[in-house]
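Chemist: Show me the folded form of this:
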Amino acid sequence: MAATGDGRPRTGAAAWARGLGRALDHCCSICLGIAGLALVAMTGVVSWGVFGRFVLNDTPAWAEAGALLLMGWVILGAAAAGVREGFHMGFDTVKALLPAPLGRACDIASDLVVTLFGAGMAWFGGELALDVWDATLPAIGLPGTVEYLPLVLGGAMIALFGLERLAAHLAGVEAPAEAMVTPLVSDA
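Modeler: Alright, predicted model coming up:
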């Protein structure tokens with residue numbers, strides 16, 4: 001059993017929660033990495049499309065469809081990381097005016113809504129992906145399912161990160177963004 005900083009043994013649940021938190025830190029970093037790579041790739045695709053149109057006078061047919069597909073990865077990867085770090089919509093303005101117990105209730109309500117929204121995105125996005133499994137995207141030649149993968153995976157990560165925040169607020173401890181020394185994303 002591991003020990004805390006003051007030498008007391010750590011409980012199994014606390015050690016498990018810390019390990020889960022570290023694993024979710026890595027998942028958040030992966031979400032941001034995927035979003036960053038997709039943004040760079042999307043910039044390249046759009047640049048090539050513009051070059052093809054105005055210099056070569058031959059616009060590549062796949063450029064627009066490819067850029068839109070990559071945009072889904074950018075948006076949903078960054079949105080999932082934003083949920084983990086507490087940048088999702090909440091009741092912050094109202095919460096600041098309320099007594100602490102009501103502010104905590106607002107945190108719980110906000111995290112519950114975000115978690116359910118992410119789960120719905122993953123579920124219904126999965127249904128859409130299965131419905132178009134046998135279709136082919138004409139401009140890029142990929143299965144139709146690839147259009148909905150960002151929705152499914154982003155929704156699953158949003159639900160997972162929302163559930164982590166919900167559990168923290170229900171337990172009365174700091175949510176991940178409040179506990180981080182240096183957040184991965186900042187609004188500055």
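Chemist: contacting residues around the residue most central in space within the chain?
Modeler: Residue closest to the average C-alpha location in the chain (CA atoms, centre = their mean): Ala80, at 1.2 Å. Going by CB atoms under 8 Å, 6 or more residues apart in numbering, Ala80 touches 28, 31, 118, 154, 157-158, 161. (Each C-beta comes from the backbone N, C-alpha and C, glycine too.)
Chemist: Hmm, Thr136 and Leu142 touching each other?
Modeler: Yes: Leu142 is within contact range of Thr136, at 7.2 Å (criterion: CB atoms under 8 Å).
Chemist: still on that earlier bit, separate out the buried members of the contacts of Ala80.
Modeler: 28, 31, 118, 154, 157-158, 161 (16 or more other CB atoms under 10 Å).
Chemist: And those, which is closest to Glu85?
Modeler: If you rank the buried ones among the contacts of Ala80 by distance to Glu85 using CB to CB, Cys28 comes first, at 7.3 Å.
Chemist: longest single helix anywhere in this protein?
Modeler: Across the chain, the longest stretch assigned as helix under DSSP state H is helix 12-54.
Chemist: buried sites along the helix or strand that that one is followed by?
Modeler: Later in the chain than helix 12-54, the nearest helix or strand by DSSP states H and E is helix 62-84. Using 16+ other CB under 10 Å as the burial criterion, the residues of helix 62-84 that qualify are 62-63, 65-67, 69-84.
Chemist: Alpha carbons of helix 62-84, as PDB, please.
Modeler: Output in PDB follows, covering the C-alpha atoms of helix 62-84 (Å, rounded to 0.1, in the frame of the first residue of the first chain):
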ATOM      1  CA  TRP A  62     -11.500  15.800 -51.800                       C
ATOM      2  CA  ALA A  63     -10.300  19.000 -50.200                       C
ATOM      3  CA  GLU A  64     -13.600  20.300 -48.900                       C
ATOM      4  CA  ALA A  65     -14.900  16.900 -47.700                       C
ATOM      5  CA  GLY A  66     -11.500  16.200 -46.100                       C
ATOM      6  CA  ALA A  67     -11.400  19.500 -44.300                       C
ATOM      7  CA  LEU A  68     -14.900  19.100 -42.900                       C
ATOM      8  CA  LEU A  69     -14.100  15.600 -41.700                       C
ATOM      9  CA  LEU A  70     -11.000  16.900 -39.900                       C
ATOM     10  CA  MET A  71     -12.900  19.800 -38.400                       C
ATOM     11  CA  GLY A  72     -15.100  17.300 -36.600                       C
ATOM     12  CA  TRP A  73     -12.000  15.900 -34.900                       C
ATOM     13  CA  VAL A  74     -10.700  19.400 -34.000                       C
ATOM     14  CA  ILE A  75     -14.000  20.500 -32.500                       C
ATOM     15  CA  LEU A  76     -14.900  17.300 -30.600                       C
ATOM     16  CA  GLY A  77     -11.400  16.600 -29.300                       C
ATOM     17  CA  ALA A  78     -11.000  20.100 -28.000                       C
ATOM     18  CA  ALA A  79     -14.600  20.000 -26.500                       C
ATOM     19  CA  ALA A  80     -13.900  16.900 -24.600                       C
ATOM     20  CA  ALA A  81     -10.700  18.400 -23.200                       C
ATOM     21  CA  GLY A  82     -12.700  21.500 -22.300                       C
ATOM     22  CA  VAL A  83     -15.100  19.500 -20.300                       C
ATOM     23  CA  ARG A  84     -12.300  17.800 -18.400                       C
END
